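In: Structure of the sequence below:
(one chain, ligands or ions: 2)
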Amino acid sequence: MRQLTYEATGQYAWREMPEPQLTAPEQALVRPLMVACCDLDVAVCHGRLPLPPGYAVGHEGLAEVVAVGDEVKGARVGDRVVVPFQINCGACRECRRGVTGSCSAGPLMAAYGMAPIAGLDGGGFMSDLVLVPYADAMLIPFPDAVDPISIASLSDNIPDGWRTVGPFADELDRLDPVDRRVLVLGRLSIGLYSAAIAAALGAHVDYVDTDPWRLAAAEKLGAVVHDVAKPDKSWGSYPITVHTTSDAALLAATLRATWPGAVCTDTGIYAE
Ligand SMILES: [Zn+2]
Ligand SMILES: [Zn+2]
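Out: Numbering: from 1, shown residues only. Ligands and ions are numbered 1, 2, ... in the order given. Alright, predicted model coming up:
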């Protein structure tokens, strides 16, 4: 089968690889249909997060099930599924707590498409076939009515955006309407998902960025956009703040704009 492989900064190549095979009854084989580009992929591609060459890329996406082991109950051949980028068993203590990103059945940070930092080579989604070791724990079938392109990031960056706002929805509801405000310092994709989800929850969203394309996208998603580096003191402080820029000075500015005892969530990756 073909597999897209990272070769060097900005360089990728298709390599011919043996097809993965089912070797246990709880496994499935899937054929990727849509693959989203993660912010991490962009950082590697541009050389900001150098990784050793020769690994399979792609870790966010949707797929079609092409084979299942005898014990798989939750997915059938032909189902279209979300495939979480983090490989997890669903049964260990960490998985039962819901922190599937720290599953103890495999290496810490076991994931697709990032072999050098994932502790294993599980393949990548830019391939003809991918092995899913724990199909019932991992695969999430989605309805035909859903446009797959709109949820291509559901295995990684959409929930990363959701966790910055979604868990605090009840808290927002309890506030006076005038206080239902969310501040987002955006970069790349996750800040846009945060802004979209906060706006969908009915909050007033102040979205800060300097990129014209993202500012336009955030505005379309329902945010009030600000083409500045950081929030202005005159905006006051917020019950929910989101920082995604990986710039420590901007994280400090975001913390200063957070209510006392409120929550600031940071999704940035600090390579250093
Ligand atoms: Zn990712
Ligand atoms: Zn587990």
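In: Pick out the residue in the protein sitting closest to ligand 1.
Out: Distances between the chain and ligand 1 by CB to the ion are smallest at residue 38, namely 3.1 Å. Where you see a C-beta, it was placed from the backbone N, CA and C, and this is true even at glycine.
In: if I look at that residue, how far off is residue 130?
Out: For residue 38, the distance to residue 130 equals 16 Å [CB to CB, to the nearest Å].
In: and the residue of the chain closest to ligand 1, how far is that from ligand 2?
Out: 22 Å (CB to the ion, to the nearest Å).
In: partners of the spatially closest residue to that residue that is not a sequence neighbour in the sheet?
Out: Nearest residue to residue 38, sequence neighbours excluded (CB to CB, 6 or more residues apart in numbering): residue 60, at 5.3 Å. Assessed by DSSP bridges, residue 60 has beta-bridge partners residue 36.
In: give me the number of residues near the residue of the stretch 151-272 of the chain found nearest ligand 2?
Out: Nearest residue of the stretch 151-272 of the chain to ligand 2 (CB to the ion) works out as residue 155 at 16.6 Å. Number of residues near residue 155 (other CB atoms under 10 Å) recorded here: 26.
In: dump the residue contacts of it.
Out: Shown in contact with residue 155 (CB atoms under 8 Å, 6 or more residues apart in numbering): 59-62, 82-85.
In: neighbour-wise, which of those residues leads?
Out: Within those, most neighbours by other CB under 10 Å means residue 61, with 29 neighbours.
In: residues in contact with that residue?
Out: Counting by CB under 8 Å, 6+ apart, residue 61 has contacts 32-36, 83, 125, 152, 155.
In: Residue 65 too?
Out: 28-30, 75-81, 135, 139.
In: next structured bit after the lowest-mean-pLDDT helix or strand in the chain?
Out: Within the chain, no helix or strand scores below helix 39-45, which has a mean of 89 by mean pLDDT, DSSP states H and E. Downstream of helix 39-45, the first helix or strand assigned by DSSP states H and E is strand 55-56.
In: what about the longest helix seen in the chain and ligand 1, touching?
Out: Longest helix in the chain, counting residues (DSSP state H): helix 190-200. No: counting by CB under 5 Å from the ion, ligand 1 is not contacted by helix 190-200; separation bottoms out at 9.4 Å.
In: That concludes my questions; thank you for your assistance.
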